[in-house]
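Peer 1: Quick one: sequence and predicted model below, then my questions.
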Amino acid sequence: MAAVVVAVVGLLHAWRNTNVLTDDRLCGDLVSAEQVDAVLPGSGRLDAEGNGLDKDLTDTVCRVGKSSVLLGSGESELTVRVWAEQGDDLLEVEHLLDLAKTSFFSGAVTGGVDRRQAWALLPEKCWTEKQPLIVRVSTAGPITDRAAFTTDAARSVAAAAHCGDLPGKPGPLAPPVSDEARPVSEGRVCGLDGLSVRGQVPEGAKVLEAGQRAPAGLWSCSLFLDDDSSGIVRADGFMTYTVSRDPLFAAAVRKAPGTTQGKAPDGRAAEVVNTQKMILPCAQGDPLYLAMRPGMQYLEAREPADLPVTDDYFTPFVKAAAKTFGCAAPTA
């Protein structure tokens, strides 16, 4: 009888606190139990909620939690969704990523990760008629190996939907240059050749920058005024620049409504989403996507400090980014 009790207790322990009895893949084979167990902190049993790929891809949701009755184990959780998002918003939507603290990857698979969230673009054949689709992973707290986990989830979605092939791992990550915002280098702001803040910020203002090293397949840089701005205003920054030479990302941007043929500030033909977002053709290689977003610090200081209009920021940014990212204008 004692042996039976011990066996039952052992089985209960294994069921409640380990993954010995857990399937190898969860949520209808969309995610690997081994990978989820590795990225979620702590120890315990994995519980999954989700039935795999939905007929409408954007209704696909997989939630996995890790918990244990052992003292001090705690709980952790992640959610995987297939998400429709405008391509020109992928580097802007704040609930997706903290751009200043994001690591990007591009090439065979395109996406980005920060401490709590990640996304990867699905192949073009997976997209809807109007919008690209991404696999988005969000967590309640920091997790490890987010890029590899997100890429594998995207690979599983694409394979199950028969809409393309993706590798199981991303290419090299392009991380932020530093953990904290750092002073700008005049004439090379954000690492862009020739970009200056002289005459474009309030007199005497100290300007900080945060973002990835340029050039890269996906890149962003945010400028901040080191002043007494309120918390939400300071967090939004002064100006944010984004650039990409990733062809799949450019294809995603082209689906943005209202995209038309027009001209870039340097006079070359361009695909224009709006006056501060456009795709430039390059003499060699993939096209260059450029975008700029004025932050709340700029909007607050614009009138009191008599700052230039936004076009006067976008034009030198386009020139400097095209030079740094090797996008010379095609010959006629």
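Peer 2: Happy to help now that I have it.
Peer 1: how about stretch 139-152: buried residues?
Peer 2: Applying a neighbour-count criterion of 16 or more other Cβ atoms under 10 Å, one finds T139, I143, R146, A147, A148, F149, T150, T151, D152 buried in stretch 139-152. Every C-beta, even on glycine, is put in place using the N, C-alpha and C of the backbone.
Peer 1: contacting residues around it?
Peer 2: Applying Cβ atoms under 8 Å, 6 or more residues apart in numbering, the contact partners of stretch 139-152 are 31-32, 35-36, 38-41, 76-79, 103, 105, 109, 111, 113, 115-120, 135, 137, 166-170, 173.
Peer 1: In ChimeraX, how would I select the buried members of these?
Peer 2: Of the contacts of stretch 139-152, the buried ones go into a single ChimeraX selection, burial set by 16+ other Cβ under 10 Å:
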select :31,32,35,36,39,40,76,77,78,79,103,105,109,111,113,116,117,118,119,120,135,137,166,170
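Peer 1: Could you list which of the contacts of stretch 139-152 belong to strands?
Peer 2: Counting by DSSP state E, the part of the contacts of stretch 139-152 found in strands is 31-32, 76-79, 103, 105, 111, 113, 117-120, 135, 137.
Peer 1: what sits opposite V243 in the beta ladder?
Peer 2: W219, L290 (DSSP bridges).
Peer 1: where's the closest residue to R188 other than its chain neighbours relative to G187, distance?
Peer 2: Distances taken as Cβ to Cβ, 6 or more residues apart in numbering place L195 nearest to R188, at 6.8 Å, with adjacent residues excluded. In this structure, L195 and G187 are 7 Å apart, going by Cβ to Cβ, to the nearest Å.
Peer 1: try E75
Peer 2: With distances taken as Cβ to Cβ, E75 is found 50 Å from G187.
Peer 1: that older thread, ok, L195 and G187, which is more surrounded?
Peer 2: Of the pair L195 and G187, L195 is the one with more neighbours under other Cβ atoms under 10 Å, namely 25 against 13.
Peer 1: hang on, that one in a helix?
Peer 2: No: when classified by DSSP: H, G, I helix; E, B strand; the rest coil, L195 is found to be coil rather than part of a helix.
Peer 1: Now for it: which residues touch it?
Peer 2: With contacts taken as Cβ under 8 Å, 6+ apart, L195 has the following neighbours: G187, R188, V189, P316, F317, A320, A321.
Peer 1: can you check V109 too?
Peer 2: The contact partners of V109, taken as Cβ under 8 Å, 6+ apart, are A120, L121, T151, A154, R155, L166, P167, P170, G171.
Peer 1: With Q131 instead?
Peer 2: Counting by Cβ under 8 Å, 6+ apart, Q131 touches A84, E85, Q86, G87, K255.
Peer 1: And P170, by the same measure?
Peer 2: Under the criterion of Cβ under 8 Å, 6+ apart, the contact partners of P170 comprise F105, A108, V109, G111, A120, A147, A148, T150, T151.
Peer 1: Give me the nearest residue to it, chain neighbours excluded.
Peer 2: Setting aside the residues directly before and after it, P170 is nearest to F105 in space (Cβ to Cβ, 6+ apart), at 4.0 Å.
Peer 1: Which ones among the contacts of Q131 map onto strands?
Peer 2: Among the contacts of Q131, the members falling in strands (DSSP E) are A84.
Peer 1: show me where this structure has helices.
Peer 2: Along the chain, the stretches classed as helices by DSSP state H are 2-17, 33-39, 146-161, 231-236, 247-254, 296-301, 311-324.
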